[in-house]
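Colleague: below are the sequence and a predicted model for it; my questions follow.
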Amino acid sequence: MAYNSLLTKGCIGDIMRGSELDKPVVQILGSKRIAGGGEQSERYRLLISDGQNLYSFAMLATQLNELHQTGKLSEFTVIRIDRYITSVVNRNERGEKRVLIMLELTVIKTGESIGEKIGNPQPLSDNISAGGGSSGSTASAGAKAETNGSISNGSAYQNRTNSANTSSSAGNMSLHDHLTHPISSLSPYQNKWVIKARVMSKSAIRSWSNAKGEGKLFSMDLMDESGEIRVTAFKEQCDKFYDVIEVDKVYYITKCQLKPANKQYSTLKNDYEMTMTNDTVIHECKDVSSMPEIQYNFVPISQIANMEPNCMLDVIGVCKEAGEIMQFTAKSSGRELKKREITMVDSSNAAVQLTLWGEDAQTFPASTNPVILVKGARVTEFGGGKSIGLVGGSVMKLNPDIEVAHKMRGWYDNGGCESVVASVSTRTGAGTSYATEWMTFHESKERNLGDGDKPDYFQVKALVHNIKSGSAVYKACPQQDCNKKVIDQDNGQYRCEKCNAEFPTFKYRLLVNMLIGDWTSNRWITVFTDLAEQMLGKSSQEIGESLEYNKEEAEKIFSTISFKSFIFKLRTKVETYGDQRRNKTTAVAATPVRHQEYNAYLIKNIQTLTGIGKN
């Protein structure tokens, strides 16, 4: 036949014996969609021929699905397998059975141009001897065959581990007694497998409570060369493995339960996810040379403005500034929540607001302006502006040791941030140092800000006119997570109604009311502890003691910010007190005026209003 020379004869037999072949060429004689696959990660099984043997246990990696769906892998098509892995799915005294997973391929001849089966291939035996020789293959003589029970070095999934022993239903066994399986080959119909995978992300421990009880859990996302999958640990497994697992490290994992993935909570391209059990075993793998590194697809900050809400992206930038930690009570659950808004900038000369919650918000090193890498951030939209936040599978790294991070640091340290005047998070598109709309007090009143169901935010350059220093502090519960005002029992004890307890001491907290004004109007605002300490340069304890024992010293502290200008970020909401409606305005952030940036904003605003300078 004219096409006989196209195929790598006998290559299927060699591959099934564990040899590593260099780009073998085979013919597709049929295909079948595997039942149970979802739209995002359906799988296709192929019947392939090398002109000598037929084999039906070949699968496409999910990234190649489009080739099949667009008809490029029709019957009789000749393909070159540029990259592949194999997985042992059955082993007995007669040999072993492997699945061939194609990771990369090239179409050599279309099925339409061939139009027929090449040669007279015969079905390959179900079991191939692990030590058998070649069956007339014309493949590369340099192929690395399996010898003395060791697998060739070519496949990233055919390595063995030197980990400690683990248990199984058949008694004690070692993970290194098993060949590892590709993640893409796992299904609920298998119960004997070991995977070797890198941890892409690990969530924080979360608590849950429902009619069935309560507990805690964490999840992690794994990857290998064939795909990715999510693993969740509950209760005892959460305690056992949380501190063991580290992001970026590689582990051998076995004896987890597989089930259909809940796509509502996961964007991974896998129809299945895993749950740890009492039998789960996890050992770190020291030999990671064959494992792929975590891949990032960084999106420039300037492009986030064009992205749809709820899109997921990877982003890297530098923390230009960080707002204060905001603490509030969630209406739905009554839980105390903490969040912080970070302004990230990058060399696309744009800024975006990153929202951090909980421990991430509390421990963020704002003063060091770190490089921030976020994998799997979610885009949100408010008032036409875009911001980003972390979700369950997101990973945030500070000052990562990678080339792009070092370049970003160099750009920032050499004055690159000074050219950033545009924020994709602001609703007006005007450049600001905060991701919030600029507005005067008069404009905020004219637009009835705060009169809706949700609070509104705006920012303004304003001068501090007056401070009610006499009522600027209060005595609060000494418990770390409680800031409620205590009642002086006049017996050396202070009672906290929230904690339903009495204490022999208290802590000072700041609640400063100050009158600020711009060129249009004035407004009374409230400044809470963290921001007030930042503005005044003193701790709540120092200010409280001064007000109680040395009022003259206290007045000096407050006078340090009198008649000084700040860029205030304000939260405003109309609230009802009795029959009266009052606009309550709270300072979220306050920073000294950086005149270069503020002047750039003014110039751009003038150009917008006059049309001058637009080219």
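Modeller: Good, I have the coordinates. Numbers count the residues shown, from 1 in each chain.
Colleague: now do the contacts for Val231.
Modeller: Val231 is in contact with 219-222, 253, 256, 273-276, counting by Cβ atoms under 8 Å, 6 or more residues apart in numbering. From N, CA and C alone the C-beta is placed, and that goes for glycine too.
Colleague: and if we set it to 7 Å?
Modeller: 219-220, 222, 256, 274, 276 (Cβ atoms under 7 Å, 6 or more residues apart in numbering).
Colleague: just give me how far stretch 242-250 sits from the chain centre.
Modeller: Centroid separation for stretch 242-250 versus its chain: 15 Å, with Cα atoms, centre = their mean, to the nearest Å.
Colleague: swap that for stretch 244-255, sorry
Modeller: 18 Å.
Colleague: quick one: end-to-end distance for that stretch.
Modeller: Counting by Cα to Cα, to the nearest Å, you get 17 Å between the two ends of stretch 244-255.
Colleague: now do stretch 448-457
Modeller: 12 Å.
Colleague: list the buried ones in that stretch?
Modeller: 449-450, 455-457 (16 or more other Cβ atoms under 10 Å).
Colleague: please apply the same query to stretch 201-217.
Modeller: 201-203, 217.
Colleague: quick check, nearest of those to Ser209?
Modeller: Leu217 (11.7 Å; Cβ to Cβ).
Colleague: what bridges to the closest one?
Modeller: According to DSSP bridges, the residues that bridge with Leu217 are Arg206, Phe234.
Colleague: can you check Glu273 too?
Modeller: Lys259.
Colleague: that older thread, compile the buried residues of stretch 201-217 into CSV and extend it with columns for secondary structure, distance to Glu112 and pLDDT.
Modeller: CSV is the format used below for the buried residues of stretch 201-217 (DSSP: H, G, I helix; E, B strand; the rest coil; distance: Cβ to Cβ, whole Å; pLDDT from 0 to 100):
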residue, secondary structure, distance to Glu112, pLDDT
Ser201, strand, 44, 84
Lys202, strand, 49, 85
Ser203, coil, 49, 82
Leu217, strand, 52, 88
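Colleague: what about the stretch 151-300 of the chain, any weak spots by pLDDT?
Modeller: 151-179 (pLDDT under 70).
Colleague: please repeat the previous calculation with a cut-off of 80.
Modeller: 151-180, 187-191, 204, 208-213, 263-268, 287-291 (pLDDT under 80).
Colleague: try the stretch 301-450 of the chain
Modeller: Using pLDDT under 80, the stretch 301-450 of the chain drops low at 306, 327-337, 366-367, 381-385, 392-393, 416-437.
Colleague: switch to 90 and redo it
Modeller: Along the stretch 301-450 of the chain, segments meeting pLDDT under 90 span 302-313, 320-341, 347-351, 353, 357-369, 375-387, 389-397, 400-402, 412-439, 445-450.
Colleague: related to what we said a few turns ago, can you put the buried residues of stretch 448-457 in a markdown table and add distance to Asp248?
Modeller: What follows is those, written out as a markdown table (distance: Cβ to Cβ, whole Å):
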| residue | distance to Asp248 |
| --- | --- |
| Leu449 | 45 |
| Gly450 | 45 |
| Pro455 | 39 |
| Asp456 | 41 |
| Tyr457 | 37 |
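Colleague: now, which of those residues lie within strands?
Modeller: Judged by DSSP state E, strands contain the following of those: 456-457.
Colleague: flag every buried residue along stretch 505-517.
Modeller: 506-512, 514, 516.
Colleague: ok, which stretches of the stretch 1-150 of the chain are strands?
Modeller: For the stretch 1-150 of the chain, strands defined by DSSP state E, counting those that start in this stretch occupy the ranges 25-33, 44-49, 53-60, 78-92, 95-109, 122-123.
Colleague: from the contact counts, what lies against the first one?
Modeller: If contacts are counted by 3 or more Cβ pairs under 7 Å, 6 or more residues apart in numbering; DSSP states H and E, strand 25-33 sits against strand 44-49, strand 78-92.
Colleague: also the shortest one?
Modeller: Other helices and strands packing on strand 122-123, by 3+ Cβ pairs under 7 Å, 6+ apart, are strand 53-60.
Colleague: longest helix of the protein?
Modeller: helix 595-610 (DSSP state H).
Colleague: now that one, how far from the centre of its chain.
Modeller: That offset, for helix 595-610, works out to 36 Å (Cα atoms, centre = their mean).
Colleague: what residues sit buried inside that helix?
Modeller: Quick answer for helix 595-610 (16+ other Cβ under 10 Å): 597-598, 600-601, 604.
Colleague: please name the bridge partners of Lys109.
Modeller: Beta-bridge partners, per DSSP bridges, of Lys109: Val78.
Colleague: pull the number of nearby residues for it.
Modeller: 17 (other Cβ atoms under 10 Å).
Colleague: contacts only, for it.
Modeller: Contacts of Lys109 by Cβ under 7 Å, 6+ apart are 6, 77-78.
Colleague: closest to Ser559 among those residues?
Modeller: Using Cβ to Cβ, these come closest to Ser559 at Thr77, 82.3 Å.
Colleague: wait, the closest one sits on Thr106?
Modeller: No. Between Thr77 and Thr106 there is no contact under Cβ atoms under 7 Å: 10.9 Å.
Colleague: more neighbours: these two, which one.
Modeller: Thr77 (24 against 11).
Colleague: does Lys240 belong to a helix or a strand, and which?
Modeller: Here Lys240 sits within helix 235-241, counting by DSSP states H and E.
Colleague: elements contacting that helix?
Modeller: By 3+ Cβ pairs under 7 Å, 6+ apart, helix 235-241 packs against strand 213-223, strand 272-284.
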